[in-house]
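Student: Structure here, sequence nowhere to be found:
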């Protein structure tokens, strides 16, 4: 996927989160392990969101591999340590297709 398509998906994802009561803390946080697309807060929980897009749900969700999730988790811990945070958090995936947006909360290996 091109970076432009990725940016459009992330913009749609941010709008979706805002419409559903989230506050956007940061976007595109990088560490040596990888990137966190969106960091959002809802109530007292930080949500680290991986945005995946595709022509349909199956194509998008297949891009969340165990290796990708492991790197993402390491990047989450880098963010928490760098910002000296000891808070409740979860790792989410936001699947963006032309027809729909679906949030999968608290994904794990």
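Tutor: Thanks, I have the structure now. Nothing here was measured: the structure is a model prediction, and the numbers come from that model. Numbers count the residues shown, from 1 in each chain.
Student: C-alpha from now on. contacts and neighbour counts both.
Tutor: Will do.
Student: where exactly do the helices run in the protein?
Tutor: 3-19, 57-61, 66-82 (DSSP state H).
Student: a markdown table for these, including mean pLDDT?
Tutor: Formatted as a markdown table, the helices of the chain follow (pLDDT from 0 to 100):
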| stretch | mean pLDDT |
| --- | --- |
| helix 3-19 | 86 |
| helix 57-61 | 88 |
| helix 66-82 | 95 |
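Student: Distance to residue 98 and mean neighbour count for these - can I get that in a markdown table?
Tutor: Listed next are those as a markdown table, based on distance: least, Cα to Cα, whole Å; neighbours: other Cα atoms under 10 Å:
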| stretch | distance to residue 98 | mean neighbour count |
| --- | --- | --- |
| helix 3-19 | 9 | 16 |
| helix 57-61 | 10 | 16 |
| helix 66-82 | 23 | 16 |
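Student: Please tabulate these in TSV and include distance to residue 99 as additional columns.
Tutor: What follows is the helices of the chain, written out as TSV (distance: least, Cα to Cα, whole Å):
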stretch	distance to residue 99
helix 3-19	12
helix 57-61	10
helix 66-82	25
